[in-house]
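Enquirer: my questions concern the predicted model and sequence given below.
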Amino acid sequence: MTKPVRLALLGCGTVGAEVVRLLREQAPDLTARVGAPLELAGIAVRRLGRDRGGVPVDPALFTTDALGLVKRDDVDLVIEVVGGIEPARGWLVEALRAGKSVVTANKALLAEDGGTLHDAAAEGGADLYYEAAVAGAIPLLRPLRESLHGDTITRVTGIVNGTTNFILSAMDATGAGFTEALDEATELGYAEADPTADVEGFDAAAKAAILASLAFHTRVTAADVHREGITEVTAADMASAKAMGCTIKLLCIASRGPDSAGTESVSVRVHPAMIPVSHPLASVGDAFNAVFVEAAAAGELMFYGRGAGGAPTASAVLGDIVGAARNHLAGVRAPSESAYAALPIRPMGEAVTRYHISLDVADRPGVLAAVAGVFARHDVSIATVRQAAAPAGPADGATGPAARGGDAILVIVTHAAPDAALAATVEELRRLDIVRSIASVLRVEGGAR
Ligand SMILES: NC(=O)c1ccc[n+]([C@@H]2O[C@H](COP(=O)([O-])OP(=O)(O)OC[C@H]3O[C@@H](n4cnc5c(N)ncnc54)[C@H](O)[C@@H]3O)[C@@H](O)[C@H]2O)c1
Ligand SMILES: N[C@@H](CCO)C(=O)O
Ligand code: NA
């Protein structure tokens, strides 16, 4: 019998426990696929003695000394499902420099400082696999890293955060506000106790950085990603979107193209956006993820599936373990980091976007011309304008800010323009006396009119 491939598992929470279960339940098949048994050498956890939901292993395998486990001579591969920057970075650098391949689901670390891990992998001649880090179970990074390596990817547009997609889908379906939909997501176990990383877009921004790095052969970090979350998306925004045949999704958009000076560059952003209901990403509901890839020769490709949860994420981890174990036995390496293009990052102000702006204005002659003048001054072209009467104001004689008789709602959708010009347009509109309030400002993507 071939010598087993010995694994150090760092972390035994939601994902780690499922990795252990799958390793055990599928042991005969995994042995056949790898060409040797996969054997757990140890499992590092923060605290010993916790009930691990019936994780089917010898309790003697658990340790609180993750670094000690990584350094052991009988460990061939290191599987990291703890998360966070430190101490995970230290463990993984130690493993990689010692020639032990790493499988990790740690998007935060890869997005913050993936370069350090890739450098350590190159130094130690080890593999660094991280399919689970973006869009969980969906095979996405390997297609970008291998299958599409003969093509030129021009744009990646994705829904890569399940929690926010669940919230926005609920807001679309029921008309609920953000807080109400977040409460439902928490009750159903989709949102974490502290949902900040999800609802403020940090989780999606980390994934966007990883996707952009792979798609454009360029190191992109979380700090390079323009990030806006969904906490300010209101029920009124969703209603405006629906009135236009659209819905609102938290999108990650990574694209390459020339900047204003003509230099080929990369733009990476995460923000809520209106997309038409006919767009393939509009029908991605619930906590599902989907990523739309555009490549010069391949055309349009769509990847869809479960982006989170213990078992789906563990599926991606197991696929990577099999790959790393095979390479270990064969004495070969997976494709290493490809960052040769080293394209510059374009600032958000230069990203070309479209805006949907809903304004509450005084309904009197010259107002439309004044509003249009602001757009013209910033060289922003208007695509469509709709005017509707504002909801009925208070009874005659009422005073104060609620007295809005004679107002109109203007809904303006622009043509594509640099984001800085659009933002400056909104700022100037805010200062106009005839604009009572700006009810909603949303970016528009994917052909919506
Ligand atoms: N849960 C998901 O759906 C999902 C999906 C994709 C990626 N991920 C990523 O997978 C990783 C793990 O996520 P999770 O949901 O399983 O987290 P979790 O909190 O359920 O589990 C974390 C585990 O790490 C252990 N741990 C924490 N600090 C430690 C330390 N200092 N030493 C040793 N062990 C320590 C904990 O004991 C626990 O077993 C994260 O990087 C996360 O971003 C999770
Ligand atoms: N919190 C993440 C988990 C998967 O990375 C999500 O909601 O998609
Ligand atoms: Na994946």
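Expert: Nice, thanks for sending it over. Ligands and ions are numbered 1, 2, ... in the order given.

Enquirer: contacts and neighbour counts: CA atoms only from here.
Expert: Fine.

Enquirer: tell me which helix or strand residue 384 sits in.
Expert: strand 382-389 (DSSP states H and E).

Enquirer: and that strand, which strands flank it?
Expert: Using DSSP bridges, the neighbouring strands of strand 382-389 in the sheet come out as strand 407-414 (antiparallel).

Enquirer: quick one: mean pLDDT over the strand it pairs with.
Expert: Taken as a whole, strand 407-414 has a mean pLDDT of 94.

Enquirer: re earlier: gap between the strand holding residue 384 and the chain center?
Expert: Using CA atoms, centre = their mean, to the nearest Å, we find the averaged C-alpha position of strand 382-389 to lie 33 Å away from the chain's own average C-alpha position.

Enquirer: also stretch 259-268?
Expert: That offset, for stretch 259-268, works out to 22 Å (CA atoms, centre = their mean).

Enquirer: average model confidence for that stretch?
Expert: The predicted confidence, averaged over stretch 259-268, sits at 94.

Enquirer: and it, what's buried?
Expert: Judged by neighbour count using 16 or more other CA atoms under 10 Å, the buried positions of stretch 259-268 are 259, 265, 266, 267, 268.

Enquirer: same question, stretch 132-143
Expert: By neighbour count, with 16+ other CA under 10 Å as the criterion, the buried positions of stretch 132-143 are 132, 133, 134, 135, 136, 137, 138, 139, 140, 141, 142.

Enquirer: what's the helix or strand for the residue of the stretch 201-350 of the chain found nearest ligand 3?
Expert: Taking CA to the ion, ligand 3 has its nearest neighbour within the stretch 201-350 of the chain at residue 316, 6.2 Å off. Counting by DSSP H and E, the secondary-structure element that holds residue 316 is helix 310-330.

Enquirer: can you check residue 78 too?
Expert: In this assignment (DSSP H and E), residue 78 forms part of strand 77-80.

Enquirer: kindly report the same for residue 92.
Expert: Residue 92 is part of helix 88-97, with elements assigned from DSSP H and E.

Enquirer: contacts only, for residue 444.
Expert: Residues counted as contacts of residue 444 (CA atoms under 8 Å, 6 or more residues apart in numbering) are 273, 274, 275, 353, 354, 355, 356.

Enquirer: hey, what's the second one bridged with?
Expert: The reference is to residue 274. On DSSP bridges, the residues paired with residue 274 through beta bridges are residue 248, residue 444.

Enquirer: give me the neighbour count for it.
Expert: Counted with other CA atoms under 10 Å, residues neighbouring residue 274 total 30.

Enquirer: that one contacts residue 441, correct?
Expert: No. Using CA atoms under 8 Å, residue 274 is not in contact with residue 441; the gap is 10.2 Å.

Enquirer: OK, now which residue of the stretch 151-300 of the chain is nearest to ligand 1?
Expert: When distances are taken as CA to the nearest ligand atom, the stretch 151-300 of the chain reaches nearest to ligand 1 at residue 203, 8.2 Å away.

Enquirer: what's the burial count for that residue?
Expert: For residue 203, using other CA under 10 Å, the count is 22.

Enquirer: repeat that for residue 24.
Expert: Neighbour count for residue 24, taken as other CA under 10 Å: 17.

Enquirer: tell me the pLDDT at the residue lying closest to it once chain neighbours are set aside?
Expert: Computed as CA to CA, 6 or more residues apart in numbering, the closest residue to residue 24 that is not its neighbour in sequence is residue 56, at 7.8 Å. Model confidence at residue 56, given as pLDDT, is 78.

Enquirer: am I right that residue 56 sits in a strand?
Expert: No. Residue assignment for residue 56, taken from DSSP: H, G, I helix; E, B strand; the rest coil, gives coil, which places it outside any strand.

Enquirer: I'd say it and residue 22 touch.
Expert: No. Applying CA under 8 Å, one finds residue 56 not in contact with residue 22, separated by 10.2 Å.

Enquirer: these two: who's more crowded?
Expert: With other CA under 10 Å as the criterion, residue 56 and residue 22 differ in neighbour count, and residue 22 comes out ahead with 16 against 12.

Enquirer: how far away is the closest residue to residue 130 other than its chain neighbours from residue 318?
Expert: Among residues not flanking residue 130 along the chain, residue 104 sits closest, at 5.0 Å (CA to CA, 6+ apart). Between residue 104 and residue 318 the distance is 11 Å, computed by CA to CA, to the nearest Å.

Enquirer: between these two, which is the more surrounded one?
Expert: Taking neighbours as other CA under 10 Å, residue 104 and residue 318 compare with residue 104 leading, 27 against 21.

Enquirer: report the beta-bridge partners for that one.
Expert: With DSSP bridges applied, residue 104 shows beta-bridge pairing to residue 80.

Enquirer: need the contact list for it.
Expert: Residues in contact with residue 104, defined by CA under 8 Å, 6+ apart, are 79, 80, 81, 128, 129, 130, 131, 132, 133, 317.

Enquirer: distance of it from ligand 1?
Expert: For residue 104, the distance to ligand 1 equals 7 Å [CA to the nearest ligand atom, to the nearest Å].

Enquirer: repeat for residue 371
Expert: Per CA to the nearest ligand atom, residue 371 is found 45 Å from ligand 1.

Enquirer: that residue - nearest residue in space that isn't next to it in sequence?
Expert: The shortest distance from residue 371 to any residue other than its chain neighbours is 7.1 Å, reached at residue 429 (CA to CA, 6+ apart).
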